[in-house]
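*Asks:* sequence and predicted structure, then a few things I'm wondering about:
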Amino acid sequence: MKQRFYLFLFLALLTTQVPAQNIYNNPNSNHGNKFEQLGGILPTPNEYRTASGAPGPKYWQQRVDYDIKCELDEKNLKLNGSETVTYFNNSPDELVYLWLQLDENQHSSVNNANYQTSNPMNRQLSPQAIDRSDEARKDNGYGFNILKITDMTGKQLKYTINKTMMRVELPAVLKPGQRFVFKLDWNYKMADRMSRGGRGGYEFFPEDGNHVFTMTQWYPRLCVYSDFQGWQNHQFTGRGEFALTFGNFKVQMTVPADHVILSTGECQNYPAVLSPAQLARWNKARNATEPLEVVTLEDAKAAEKQKSDKKKTWIFKADNVRDFAWGSSRKFIWDAMSTKIEGKKIMCMSGYPKEAYGLYRKFSTKAVEHTIKTYSKFTIPYPYPVAQSIEASNGMEYPMICFNFGRTEKDGTYSEGTKNGMIGVIIHEVGHNFFPMIINSDERQWSWMDEGLNTFVEYLAEELWDNKFPSRRGPAAYITDYMKLPKDQLEPIMTNSENIVQFGPNAYSKPATGLNILRETIMGRELFDYAFREYARRWAFKHPEPADFFRTLEDASGEDLDWFWRGWFFSTEACDISLDTVKYAKADLSAEPASREEMTVKRSADKPLVPTFDDLSKIRNREDKNIKFQTDADTTLRDFYWRYARGLEPYDTSKISVTIPGSRQEALTEDEKQQYGNRHMYELTFSNKGGLVMPIIVEWTYKDGSKETDRIPAQVWRLNENKVIKTFIKDKEVTSIKLDPMRETADINESNNSWNTMPEPSRFTIFKQNMGGGRRNPGGQSGNPMQRAQDKKGF
């Protein structure tokens, strides 16, 4: 008979116990369902969106094409426009009306969304605040003026304006597969965005009497009609951004002749709007590998002084984009260079006034190139022909174009903070080309799906720009001040954009930090990067929802992350893992081995189990002549218990003999004493004081000064979400223990993460045991807490 040897470690432990804090409503519960599947929290998969997180076989989305002509009236600060809209109904539904967004109504005193908030009395009011209060009681003249809406025959269409939304009633039902073409004429008074806020409008430069115009949300735009929501026609309050439909654009902008336009898409008529020298520089820039000024600083300075009264019309086209924006000014300096991504040429460009020249000329276009290359690595190759950054003293994104800040002092100098802030905002806003311009999530509902995901990849791009770049949104340690706020100041990431109190941390920082924790601590870079790219690939030029993101990351990685989504995205719990107790034991090699002789004992036979009643199934089966039971078909299966159940044999109450094998402990050999005698055993007790389950990361500092880190996955909490006890066996004596030494789990309380005074060791003994033919514990290694028996192989 083969002998099986075991090492027994007998403990007498000295320590002070610190009870774990119970964080659940039920003080007797140690299980709060943190590891249960999200289940019904996520929408049911269907033919449009699958359980894997991919678009389904019947996925569909609408399309809308625009042909727009507009004129910028700089003297009167007014924009006049007309557009022809072609709407494609790719849905399986019949439509009787269309919804359009009138975002400029944000500035209207009569047609804004009117989402009010509390405003306690402020004893220090500015004249502007008083004027704004007075203005709210009358029509301030801002917002869209809809002049007419007609079909292609010129027939007027009925429409209704509800604040920032407009419903256009169709003359006939728009059936699946059909398209509808209609025309709109409109105008609006442009807003001074420096005083009134908002994303679009103008900035006035009193020093030279010129404007920079940022034309955003500037035309009536179709709302999204989707499989998961129908019409997304929630009002635009100025916070929750946009949900938009992909399509093709042709836009003609008539502006003062000395203006330079930078826009979504590609210009179709540069020879008609650029001077011969500028056109020559543009053609050279198309193959340049360093930024080259197309419109120079000297050009811009001269234009500022002349102020032409003539007009020019610029024509741009853009295909498969969800929106269209442009900037126009005679102050613009314009530089450009080309780059390649997977063999495709892309023009990287910047436009900026002279006030930003010292920063933008050196950094902006190269930051644009770095961004699209880095994002292409982590998502999909950048698909558009242009990417550009415009300095406009703000930060906002649109397809192929974004508006950022970054001006020098008047003498041309700048601080490091201004430079890094400018580079960071350029990376962020250019990065929005991917989230949400291509991976086209619903910003109005879920800000985190574009801001959070984009901020995460921004962090990766900043880290690859400069290893010393002062990124603040991504590292776990920087989110802890937010996570430790009182619960009434927090809301889950999965909160509608309009209802978020702490918008920056909730929509930007916390999602980005969570993804970085997944990448660096929970999943690892290889698994995470593959799954994240798969999400981008699946949902490029489509409309993803949160469940599509969650499911794809799990589907592509093979990791069950429902516990993480539940804790980080659906709750406001924080990570606070406390190291409560440390027990320490050393081997005692002087103890004598013990043994137990084989013995025989008497016990009663098991009483047979007999059903207490015949249930309905048993009765019907017995009465069914077509059913033959296996014990009737094969009578060899009948035994004492079968006969007893039918009253054919009585229960025998006499004793039966049972043999218990003996056991014998043997002393270790000298070689085995050398191998195992110097081991150190540590039992650590952890409590979950914050509620959020996270991996436990333990750093050991040894007596010789060396360090070692053990990483315990978060699933260690699955059976007891309040408390974990883990035993570790080490080759060297430990002098101190620290949890999460690299601050990677967003632990909000580091004061309970260390143990710097080790207790005096208790003793354990080590013996080999001959169990005869005895059965070994099928679990292999004994578990935790620190056991009195440890398998030799466990060392």
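*Replies:* Sure, I can see it.
*Asks:* where do the strands of the stretch 151-300 of the chain begin and end?
*Replies:* If you assign secondary structure with DSSP state E, counting those that start in this stretch, the strands in the stretch 151-300 of the chain sit at 159-162, 165-174, 179-189, 201-205, 210-215, 221-222, 225-226, 230-231, 247-256, 260-263, 266-267, 292-295.
*Asks:* export these as TSV, with columns for mean neighbour count and mean pLDDT.
*Replies:* (Glycine included, C-beta is placed from N, CA and C.) Formatted as TSV, the entries for the strands of the stretch 151-300 of the chain read as follows, by neighbours: other C-beta atoms under 10 Å; pLDDT from 0 to 100:
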stretch	mean neighbour count	mean pLDDT
strand 159-162	14	98
strand 165-174	16	98
strand 179-189	18	98
strand 201-205	20	97
strand 210-215	24	98
strand 221-222	22	98
strand 225-226	22	98
strand 230-231	15	98
strand 247-256	20	98
strand 260-263	25	98
strand 266-267	17	98
strand 292-295	22	98
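*Asks:* which elements pack onto the lengthiest helix in the chain?
*Replies:* If you go by DSSP state H, the chain has its longest helix at helix 357-378. Secondary-structure packing of helix 357-378 (3 or more C-beta pairs under 8 Å, 6 or more residues apart in numbering; DSSP states H and E): strand 333-341, strand 344-352, strand 386-391, helix 416-431, helix 453-465, helix 525-539.
*Asks:* deepest in the core, which of those is it.
*Replies:* Highest mean neighbour count among the helices and strands packed on helix 357-378 (mean count of other C-beta atoms under 10 Å): strand 386-391, with a mean of 26.
*Asks:* quick one: buried residues of stretch 737-750?
*Replies:* By neighbour count with 16 or more other C-beta atoms under 10 Å, stretch 737-750 contains the buried residues 737-741, 744-748.
*Asks:* keeping just the C-alphas, turn it into PDB.
*Replies:* Taking C-alpha atoms only, stretch 737-750 is exported to PDB below (Å, rounded to 0.1, in the frame of the first residue of the first chain):
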ATOM      1  CA  ILE A 737       3.500  44.500   5.700                       C
ATOM      2  CA  LYS A 738       1.800  47.000   3.600                       C
ATOM      3  CA  LEU A 739      -1.400  46.800   1.500                       C
ATOM      4  CA  ASP A 740      -1.600  48.400  -2.000                       C
ATOM      5  CA  PRO A 741       1.900  49.800  -2.000                       C
ATOM      6  CA  MET A 742       1.600  51.300  -5.500                       C
ATOM      7  CA  ARG A 743      -1.900  52.800  -4.700                       C
ATOM      8  CA  GLU A 744      -3.600  51.000  -7.500                       C
ATOM      9  CA  THR A 745      -7.000  50.100  -6.000                       C
ATOM     10  CA  ALA A 746      -8.200  53.600  -5.000                       C
ATOM     11  CA  ASP A 747      -8.100  52.700  -1.300                       C
ATOM     12  CA  ILE A 748      -9.500  55.800   0.500                       C
ATOM     13  CA  ASN A 749      -7.900  55.100   3.900                       C
ATOM     14  CA  GLU A 750      -4.200  54.200   3.800                       C
END
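*Asks:* so what touches that stretch?
*Replies:* Residues from elsewhere that reach stretch 737-750 (C-beta atoms under 8 Å, 6 or more residues apart in numbering): 475-477, 479-480, 483-484, 513, 517, 520-521, 574-579, 582, 682, 684, 686, 689-690, 694-701, 709, 753-755.
*Asks:* circling back to that earlier point, so which of the strands of the stretch 151-300 of the chain is nearest D139?
*Replies:* strand 179-189 (11.2 Å; C-beta to C-beta).
*Asks:* what does that closest one contact?
*Replies:* Residues beyond strand 179-189 that count as contacts (C-beta under 8 Å, 6+ apart) turn out to be 77-89, 98, 104, 141-152, 157, 168, 170, 174, 219-220.
*Asks:* looking at those, which are in helices?
*Replies:* Helix and strand membership here follows DSSP H; of the contacts of strand 179-189, not one is in helices.
*Asks:* ChimeraX command for the buried members of these?
*Replies:* Buried subset of the contacts of strand 179-189, written as a ChimeraX selection, criterion 16+ other C-beta under 10 Å:
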select :77,79,80,81,82,83,85,86,87,88,89,98,104,142,143,144,146,149,157,168,170,174,219,220
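*Asks:* sorry, back to before: just the contacts of stretch 737-750: which are in helices?
*Replies:* Counting by DSSP H, the part of these found in helices is 480, 483, 513, 517.
*Asks:* compare those residues and tell me which has the most neighbours.
*Replies:* For these, the largest number of neighbours (other C-beta atoms under 10 Å) sits with T513, at 27 neighbours.
*Asks:* if I look at the closest residue to that residue other than its chain neighbours, how far off is F435?
*Replies:* For T513, ignoring the flanking residues on the chain, the nearest one in space by C-beta to C-beta, 6 or more residues apart in numbering is I479 at 4.5 Å. Taking C-beta to C-beta, to the nearest Å as the measure, I479 and F435 are separated by 20 Å.
*Asks:* check V724 too.
*Replies:* As for V724, its distance to F435 is 37 Å (criterion: C-beta to C-beta).
*Asks:* okay, the two: which has more neighbours?
*Replies:* F435 (26 against 23).
*Asks:* list the contacts of the more buried one.
*Replies:* F435 makes contacts with 441, 449-450, 453-454, 457, as judged by C-beta under 8 Å, 6+ apart.
*Asks:* which one of those is nearest A556?
*Replies:* L453 (15.3 Å).
*Asks:* wait, the closest one touches Y508, no?
*Replies:* No: between L453 and Y508 there is no contact under C-beta atoms under 8 Å: 10.1 Å.
*Asks:* next structured bit after the helix or strand of the chain with the lowest mean pLDDT?
*Replies:* Within the chain, no helix or strand scores below strand 7-8, which has a mean of 35 by mean pLDDT, DSSP states H and E. Toward the C-terminus, strand 7-8 is succeeded by strand 63-73 as the next helix or strand (DSSP states H and E).
*Asks:* next one: that following strand to chain centre, how far?
*Replies:* How far strand 63-73 lies from its chain's middle: 34 Å, per C-alpha atoms, centre = their mean, to the nearest Å.
*Asks:* same question for stretch 316-323.
*Replies:* Per C-alpha atoms, centre = their mean, the displacement of stretch 316-323 from the mean C-alpha position of its chain is 27 Å.
*Asks:* and the nearest residue to W334 once chain neighbours are set aside, what does it touch?
*Replies:* Leaving aside its sequence neighbours, W334 sits nearest to V295 (C-beta to C-beta, 6+ apart; 4.1 Å). Contact partners of V295, counting by C-beta under 8 Å, 6+ apart, are 260, 278, 332-334.
*Asks:* what about the helix or strand that W563 is a member of, distance to the chain center?
*Replies:* Counting by DSSP H and E, the secondary-structure element that holds W563 is helix 562-564. Between the mean C-alpha location of helix 562-564 and the chain-wide mean there is a distance of 13 Å, by C-alpha atoms, centre = their mean.
*Asks:* over to stretch 549-561?
*Replies:* Centroid separation between stretch 549-561 and its chain, computed with C-alpha atoms, centre = their mean, is 13 Å.
*Asks:* now that stretch: buried residues?
*Replies:* For stretch 549-561, a neighbour-count test (16+ other C-beta under 10 Å) marks 549-557, 559, 561 as buried.
*Asks:* show residues contacting it.
*Replies:* Judged by C-beta under 8 Å, 6+ apart, the contacts made with stretch 549-561 from elsewhere in the structure are 38, 42, 50-54, 449, 453, 518, 522-523, 527-528, 530-532, 534-535, 538-539, 562, 565, 569.
*Asks:* and the average pLDDT for that stretch is what?
*Replies:* The average pLDDT for stretch 549-561 rounds to 98.
*Asks:* got the CA positions of that stretch in PDB?
*Replies:* Backbone C-alpha positions of stretch 549-561 (Å, rounded to 0.1, in the frame of the first residue of the first chain) are rendered in PDB as follows:
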ATOM      1  CA  PHE A 549     -19.500  47.800 -23.500                       C
ATOM      2  CA  PHE A 550     -19.700  45.600 -20.400                       C
ATOM      3  CA  ARG A 551     -20.600  42.500 -22.300                       C
ATOM      4  CA  THR A 552     -17.900  42.900 -25.000                       C
ATOM      5  CA  LEU A 553     -15.100  43.400 -22.400                       C
ATOM      6  CA  GLU A 554     -16.200  40.100 -20.700                       C
ATOM      7  CA  ASP A 555     -16.800  38.300 -24.000                       C
ATOM      8  CA  ALA A 556     -13.500  39.200 -25.500                       C
ATOM      9  CA  SER A 557     -11.400  38.600 -22.400                       C
ATOM     10  CA  GLY A 558     -12.900  35.600 -20.700                       C
ATOM     11  CA  GLU A 559     -13.100  37.500 -17.500                       C
ATOM     12  CA  ASP A 560     -16.300  37.700 -15.400                       C
ATOM     13  CA  LEU A 561     -16.300  41.400 -14.500                       C
END
